[in-house]
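**Student:** okay, structure incoming, though there's no sequence with it:
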């Protein structure tokens, strides 16, 4: 009898597991807001029909996406394909930084995301201060300082006049991330003036 029950529980677990992995899109149109630039200019819309739109202050992207487990695969209309991770159903992890973040609230760690002649370097100190350096070799080098706090997986950096930046820690890795915003309302276009009637027949 125990063997039958165990087999039944195992079969039921497999069914639930397969059901969880079979989802390919969000149930409703969902907005995720980028939190790493201090301005919330990056808006990722995942639509229930399997399409997406990404809007930034200066550009945009659109195409289709599929969710399999925690992996979101995006295929843009111009044919580019890339993957992000859906974390805790409320973050889309975008860019990973090299370096390991401890599980403590305060820590002394330097993390970086660098490619060729450009990059971002963040230095966290145990006294709660943080610096963020963005550079392009021989072109520009900006360094800002502030304070950081941590609440579970989210690290919030307050750079005062430069803005509040939030990052997500997943498996010890720091990420730029889009965060679910259930209350986000997309900006509406100003309605055009109603044309006035002209003389007719």
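**Tutor:** Received it, and whenever you're ready, just let me know what you need. The shown structure was predicted, so the numbers you read here are calculated from the model rather than taken from an experiment. Residues are numbered from 1 along each chain as shown.

**Student:** next SSE after the least confident helix or strand in the chain by mean pLDDT?
**Tutor:** Between all helices and strands in the chain, the lowest mean by mean pLDDT, DSSP states H and E belongs to helix 2-21, at a mean of 42. The helix or strand immediately downstream of helix 2-21 is strand 30-34, counting by DSSP states H and E.

**Student:** and that next one, what does it pack against?
**Tutor:** strand 43-46, strand 91-96, strand 173-180 (3 or more Cβ pairs under 8 Å, 6 or more residues apart in numbering; DSSP states H and E). In this view, the C-beta of every residue, glycine as well, is placed from N, C-alpha and C.

**Student:** centre of the chain to the shortest one, how far?
**Tutor:** What that stands for is strand 43-46. 9 Å (Cα atoms, centre = their mean, to the nearest Å).

**Student:** check stretch 105-117 too.
**Tutor:** 18 Å.

**Student:** buried sites along that stretch?
**Tutor:** Buried residues in stretch 105-117, defined by neighbour count with 16 or more other Cβ atoms under 10 Å: 109, 111, 113.

**Student:** so what's the backbone phi/psi at the second one?
**Tutor:** According to degrees, to the nearest 10, the main-chain angles of residue 111 amount to phi -120, psi 150.

**Student:** separation between it and residue 37?
**Tutor:** 17 Å (Cβ to Cβ, to the nearest Å).

**Student:** for the protein, which residue occupies the most central location?
**Tutor:** residue 178 (2.1 Å; Cα atoms, centre = their mean).

**Student:** tell me how far that one lies from residue 34.
**Tutor:** From residue 178 to residue 34 the distance is 5 Å (Cβ to Cβ).

**Student:** shared neighbours, those two?
**Tutor:** 42, 44, 94 (Cβ atoms under 8 Å, 6 or more residues apart in numbering).

**Student:** pLDDT for those - can I get that in JSON lines?
**Tutor:** Putting these into JSON lines (pLDDT from 0 to 100) gives the following:
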{"residue": "42", "pLDDT": "92"}
{"residue": "44", "pLDDT": "96"}
{"residue": "94", "pLDDT": "95"}
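
**Student:** most surrounded residue in those residues?
**Tutor:** Compared across those, residue 44 has the highest neighbour count, 24 neighbours, by other Cβ atoms under 10 Å.

**Student:** correct me, but it touches residue 56?
**Tutor:** No: if you go by Cβ atoms under 8 Å, residue 44 and residue 56 don't touch, sitting 9.9 Å apart.

**Student:** what are the ranges of the strands in the protein?
**Tutor:** 30-34, 43-46, 51-55, 60-68, 71-76, 81-87, 91-96, 109-115, 118-124, 129-136, 140-151, 154-158, 164-170, 173-180 (DSSP state E).

**Student:** make TSV out of the ones you listed and add distance to residue 187.
**Tutor:** Below are those laid out as TSV (distance: least, Cβ to Cβ, whole Å):
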stretch	distance to residue 187
strand 30-34	12
strand 43-46	9
strand 51-55	10
strand 60-68	13
strand 71-76	22
strand 81-87	24
strand 91-96	21
strand 109-115	29
strand 118-124	28
strand 129-136	27
strand 140-151	27
strand 154-158	25
strand 164-170	21
strand 173-180	17
